[in-house]
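Novice: Here is my input; please provide its structure:
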Amino acid sequence: MKKYRMTGCVLLCVLALAAGACSDDDDSKKNPALDAGADVSTGDAAGDAGSTDTSNPQEDTGSTPDGGSDAGDEDATADTGTQQPEFCAENERVEAGACVACADGKVSPAGADASGPDTVCGVDDACFATLGVDCDTYQEAYLKADTQQAGAYFGMSVAMSDDEQTLFVGEPARLPLGAVYVFERDGSTWAQSAVLKPDVGGGRPNGTGGYGFGVSVDVDGDTLVVGDSLGGLVHVYTGSGDTWTAQATLTSSNFDDGDLFGGAIALSGDTLVVGAMTEKSDSSASAPDPDDNTGLEIGAAYVFERNGSDWTETHYIKPPNPTQNGYFGSNVDLDGDTMVISSAYESSGATGIGGDMMDTSAAQSGAVFVYGRSGSDWTLEHYIKASNAFMGANFGSSLHLSGDRLVVGATREGTNATGAAYVFTRTGGTWTEEAYIKASHPLEQNSQFGSRVALDADGDLLAVAAVLESGAGLGLNPDPSTSTASLRSGAVFLYERDASGTWSPLPYMKAPNAGNSHYYGTSLACSGSGQHLFVGAAQESGGAVGVNGDMTDQSASRAGAVYVNRVRP
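Specialist: From the prediction side, this is the model:
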């Protein structure tokens, strides 16, 4: 069989093998992650409530395919008259006109002809055959703060600029108030260019809950927003590259200590939405009193609009079905005239789209509310539940909106509370559940698959974090069978959507220096093109500073790190 040349359409074929778009009978070209029995269903998950992935982890060892020559069905005679195989296998190179097995799981991607130039084995199959990237370089950078501080939680949040050149990393527990680091890319080289710290004088409230400056970040064009849920503030900056100037500091019109205002933020143009998941106003009245704190952590969201350089709070949003400890505003996202707000502990027993939100039979099942803007008004348009909603699933633990695609995490879905993700697609104003996604191999209980989710701009590449996953593997596509040897180290799972709307798993990844309680996947961001995936591990304990330091130095407990991964050529 021919080897795939990783150019143009062939790359897309390799990435879509699971969907059958480019079928090939040669098992050596299959994605090992696709043989693990991954539970990725098209449509809804009805009937699968409480189900777990029963695939055999031994089927996906993360190892490269077996060696051996695949000479094809025909032989070609060279000018010398000697018999030569027409094609070499993917895991072979050419030597004196013959196919020779590559060592160490490498492949020779340069060509298909056995008499051709593909004489060097240089790319690890697990990365190259499935993502089109070299295993030696798929991790582009290991980022740390320029000065180390234990317990600072560098990587609690990440955001990537629209031009894919600037990355923002939040470090909300750095003393005294938190920080945000700015990194810029030159090709595949990353360098820190700025550090932002809040300038609040004596005006910052002394909060008693949440995290400081950098707990959340978002960027759109030349505007950066940074949340500080401990102080109940959102800071707005404008600029580019290494130069960012403070434009405004925002708080809610009814701020109370412990509201966690700023814990979730989303920016689109001149509109900002801010979640305050433990805001306590009782919204049961038709016109809720913002000064009424009789509701126990129902939650709220706030919309701000910018006119010139001035920001104004325009909307105070409460859930239509107030739930004590429902945490409305747990997560928020905004894309143009569509806003989504989750209430991860909402208790309706409804399922699917537009169910009975007043049914309180499924405590902590979770829900997502979709609002649309007409003129200056925001109106609730859709009420979304998992198709297999059940008690304690926490649907809405994470979410990401990208155009007409919405993905929602439910970290405690399943009888073993392993977690799930749900993909919804909008057509003609109507939302439908497109896919119910589980990890590509069985996870241990409480792995929190769905703790973070991220889509590329087209909504066709999906990353799902399982922040408490405990596998002992390292790097891309490790052996998943050692599932409890590195407790709460964390993992990220990749999926791709084909033109028919079918989602298929790609390799999953661990940190190359994974360790106990590192929480790899604390934060996630995809670049718009899907070329880069940024993964925060807020409790990683590396003592290195700056870019690409010594990963083996684990001298700074819970300092945190961010990993820059190249997941597309």
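Novice: any weak-confidence spans in the stretch 151-300 of the chain?
Specialist: For the stretch 151-300 of the chain, applying pLDDT under 70 flags the ranges 200-209, 283-290.
Novice: measure Ser330 to Ala300 for me?
Specialist: Plainly put, Ser330 is 11 Å away from Ala300 if you go by C-beta to C-beta, to the nearest Å. Bear in mind the C-beta positions are built from the backbone N, C-alpha and C, glycine included.
Novice: joint contacts of these two?
Specialist: Gly275 (C-beta atoms under 8 Å, 6 or more residues apart in numbering).
Novice: Contacts only, for Asp218.
Specialist: Applying C-beta under 8 Å, 6+ apart to Asp218 gives the contacts 159, 224-225, 265-267.
Novice: same thing but at 10 Å, please
Specialist: For Asp218, the contacting residues are 157, 159, 168, 224-227, 234, 264-268, 272-273, 332-334, 525, by C-beta atoms under 10 Å, 6 or more residues apart in numbering.
Novice: tell me which element it falls in.
Specialist: Secondary structure assigned from DSSP states H and E places Asp218 in strand 213-220.
Novice: next helix or strand past that strand?
Specialist: In N-to-C order, the element after strand 213-220 by DSSP H and E is strand 223-228.
Novice: what lines up beside the helix or strand that that next one is followed by in the sheet?
Specialist: Remark: after strand 223-228, the chain's next helix or strand is strand 233-240, criterion DSSP H and E. In the sheet, strand 233-240 lines up against strand 223-228 (antiparallel), strand 243-250 (antiparallel) (DSSP bridges).
Novice: Minimum distance to Met277: which of those strands has it?
Specialist: With C-beta to C-beta, the closest approach to Met277 among the strands paired with strand 233-240 belongs to strand 223-228: 11.8 Å.
Novice: Check Gly528 and give its pLDDT.
Specialist: Here, the pLDDT recorded for Gly528 equals 94.
Novice: number of nearby residues for it?
Specialist: 16 (other C-beta atoms under 10 Å).
Novice: tell me which element it is part of?
Specialist: For Gly528, there is no host helix or strand (DSSP H and E).
Novice: for Ala472, same thing?
Specialist: If you go by DSSP H and E, Ala472 is not part of any helix or strand.
Novice: quick one: contacts for Ser343?
Specialist: Residues in contact with Ser343 (C-beta under 10 Å, 6+ apart) are 277, 298-299, 301, 319, 321-323, 326-331, 357, 365-369, 395-396.
Novice: Next: Ser376.
Specialist: Contacts of Ser376 were listed using C-beta under 10 Å, 6+ apart, and they are 303, 305, 314-315.
Novice: if I look at it, how far off is Asn307?
Specialist: Relative to Asn307, and taking C-beta to C-beta, Ser376 is found at 11 Å.
Novice: Ok, Pro442 next?
Specialist: Taken as C-beta to C-beta, the span from Pro442 to Asn307 is 53 Å.
Novice: neighbour count winner among those two?
Specialist: Comparing Pro442 with Asn307 by other C-beta under 10 Å, the one with more neighbours is Pro442, at 21 against 8.
Novice: and the gap between the closest residue to Arg373 other than its chain neighbours and Trp244?
Specialist: Sequence neighbours aside, Asp337 is the residue nearest to Arg373 in space, at 4.0 Å (criterion: C-beta to C-beta, 6 or more residues apart in numbering). Remark: distance between Asp337 and Trp244 (C-beta to C-beta) = 27 Å.
Novice: ok, the two, which is more surrounded?
Specialist: Shown here are Asp337 and Trp244; by other C-beta under 10 Å, Trp244 has more neighbours (22 against 13).
Novice: Tell me what the more buried one is bridged to.
Specialist: Beta bridges link Trp244 to Gly239, judged by DSSP bridges.
Novice: Ok, Phe328 next?
Specialist: Here Phe328, judged by DSSP bridges, has bridge partners Gly299, Ser343.
Novice: Then the one 5 residues further on?
Specialist: Taking DSSP bridges as the rule, Asp333 bridges to Val340.
Novice: Make residue 1 into 11 and carry on from there
Specialist: Will do, 11 is the new start, and the previous item becomes Asp343.
Novice: which residues sit in contact with it?
Specialist: Residues in contact with Asp343 (C-beta under 10 Å, 6+ apart) are 228, 274-278, 283, 285, 349-352, 378, 408-412, 416-417.
Novice: Could you check how far it is from Leu306?
Specialist: 26 Å.
Novice: Report the mean per-residue pLDDT for stretch 559-571.
Specialist: The pLDDT scores in stretch 559-571 average 94.
Novice: Paired strands for the helix or strand harbouring Val313, with orientation please.
Specialist: In the assignment (DSSP H and E), Val313 maps to strand 310-317. Here strand 310-317 has these sheet partners by DSSP bridges: strand 281-286 (antiparallel), strand 320-327 (antiparallel).
Novice: about what we covered before: of all the contacts of Ser386, which two lie farthest apart?
Specialist: Among the contacts of Ser386, Glu315 and His325 lie farthest apart (C-beta to C-beta), at 8.8 Å.
Novice: who touches both of those two?
Specialist: Counting by C-beta under 10 Å, 6+ apart, the shared contacts of Glu315 and His325 are 281, 386.
Novice: Just give the closest residue to Leu282, not the sequence neighbours.
Specialist: Nearest non-adjacent residue to Leu282, counting by C-beta to C-beta, 6+ apart: Phe314, 4.4 Å away.
Novice: beta partners for the one you found?
Specialist: Counting by DSSP bridges, Phe314 is bridged to Leu282, Glu323.
Novice: So it is in contact with Ala276, correct?
Specialist: No - Phe314 is beyond contact range of Ala276, at 11.1 Å (criterion: C-beta atoms under 10 Å).
Novice: who's more crowded, the two?
Specialist: A count of neighbours by other C-beta under 10 Å puts Ala276 above the other of Phe314 and Ala276, at 25 against 22.
Novice: returning to that earlier point: buried sites along the strand holding Val313?
Specialist: Buried residues in strand 310-317, counting neighbours by 16 or more other C-beta atoms under 10 Å, are found at 310-314, 316.
Novice: Repeat that for stretch 435-452.
Specialist: For stretch 435-452, the buried set under the neighbour-count rule, 16+ other C-beta under 10 Å, comprises 435-436, 441, 443-452.
Novice: Closest to Ser491 out of those residues?
Specialist: Nearest member of the buried residues of stretch 435-452 to Ser491, counting by C-beta to C-beta, is His451, at 8.3 Å.
Novice: From Gly222, how far out is Ser263?
Specialist: Separation of Ser263 from Gly222 (C-beta to C-beta): 22 Å.
Novice: Who has more neighbours out of these two?
Specialist: More neighbours surround Gly222 than the other of Ser263 and Gly222, with 29 against 9 (other C-beta under 10 Å).
Novice: Now do the spatially closest residue to that one that is not a sequence neighbour: how many residues are near it, please.
Specialist: Nearest-residue entry for Gly222: Gly188, 3.3 Å, with adjacent residues in sequence omitted and distances by C-beta to C-beta, 6+ apart. Gly188 has 26 neighbours, counted by other C-beta under 10 Å.
Novice: Am I right that Gly188 is in contact with Ala155?
Specialist: No - if you go by C-beta under 10 Å, Gly188 and Ala155 don't touch, sitting 11.5 Å apart.
Novice: joint contacts of those two?
Specialist: Common contact partners of Gly188 and Ala155 (C-beta under 10 Å, 6+ apart): 162, 181.
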